[in-house]
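Trainee: pasting a predicted model and its sequence here:
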Amino acid sequence: MRDLVQELVTHYADLRRQLTRDLRDPHYAADIAQSSFERVYAQATKSRGAPCDDANGGIEAPRGLLFRVARNLCIDEARRRKVAQEWVGTQAAVGAHLVAPSSEYLLAQQRVLARVVETLENLPPRRREVFLLFRAYGHTRAEIAERLKITEMAVAKHLLRTTIDCSRVFTELRAELIEPQHVHNHAGFDTALAEDFS
């Protein structure tokens, strides 16, 4: 295992330089490089329990794996940013003609958001991971199933349970929700929730 760590450390600087050139952001490059290092190391420690005489923890090409993990993380982040940009674009188009919301409305929405985040943080780790891969990163159910080595049915069940948990929070907070007066003719909150989780 020590040999693997030394080899990863040796390639870490190369990876960070490459990412800095590609991403043009040294801080973001450092984050991706660090996450890649941690994932490869975690993979090696997982497979360490399996019978293996290899000093690299069963990893045949640590450098290649390190760079591939970094590439996958960059792709995931690009997908997440794309989803976020598309969402912002649609919200900007819908809200272009609206006036600024009241402070009460903003405060109520912040409370709701805090409760949803708390709900997501309290989910079982696998369920939270499935939900974030689907909603935040835009992966399909099939991609998530393949990535996590579970069935598509299991992915669907995790998503359904998360939807139920979030719906429960929204039901509890319904009294606190303040709909801005200028959007009363738009689709209601329940419709938006149903569309979001469908």
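Mentor: Noted; the coordinates are in hand. Numbers count the residues shown, from 1 in each chain.
Trainee: buried stuff in the top helix by length along the chain?
Mentor: Determined from DSSP state H, the single longest helix within the chain is helix 62-95. When burial is assessed from 16 or more other Cβ atoms under 10 Å, helix 62-95 yields the following buried residues: 62, 63, 65, 66, 67, 69, 70, 73, 74, 76, 77, 80. Heads up, the C-betas are built off the backbone N, CA and C, glycines and all.
Trainee: and the third one, how far from residue 124?
Mentor: Just to be clear, that refers to residue 65. Residue 65 sits 28 Å away from residue 124, going by Cβ to Cβ, to the nearest Å.
Trainee: not counting residues beside it along the chain, what's closest to the most centrally placed residue in the chain?
Mentor: Closest to where the C-alpha atoms of the chain average out (Cα atoms, centre = their mean) is residue 132, at 4.3 Å. Leaving aside its sequence neighbours, residue 132 sits nearest to residue 120 (Cβ to Cβ, 6 or more residues apart in numbering; 7.9 Å).
Trainee: what's the helix or strand the one you found falls within packed up against?
Mentor: Secondary-structure element containing residue 120, defined by DSSP states H and E: helix 103-121. Packed against helix 103-121 by the contact rule (3 or more Cβ pairs under 8 Å, 6 or more residues apart in numbering; DSSP states H and E) you find helix 125-135, helix 152-173.
Trainee: just the C-alpha atoms of that helix, please, in CSV.
Mentor: What follows is helix 103-121, C-alpha atoms only, in CSV (Å, rounded to 0.1, in the frame of the first residue of the first chain):
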residue,chain,number,x,y,z
SER,A,103,-38.4,40.0,2.1
GLU,A,104,-41.1,37.7,3.7
TYR,A,105,-41.2,35.6,0.6
LEU,A,106,-37.4,35.3,0.5
LEU,A,107,-37.2,34.4,4.2
ALA,A,108,-39.9,31.7,3.8
GLN,A,109,-38.2,30.3,0.8
GLN,A,110,-34.9,30.2,2.7
ARG,A,111,-36.5,28.3,5.5
VAL,A,112,-38.0,25.8,3.1
LEU,A,113,-34.7,25.4,1.4
ALA,A,114,-32.9,24.8,4.7
ARG,A,115,-35.4,22.1,5.6
VAL,A,116,-35.0,20.4,2.2
VAL,A,117,-31.2,20.4,2.6
GLU,A,118,-31.5,19.1,6.1
THR,A,119,-33.8,16.3,4.8
LEU,A,120,-31.4,15.4,2.1
GLU,A,121,-28.5,15.4,4.6
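Trainee: lovely, talk soon.
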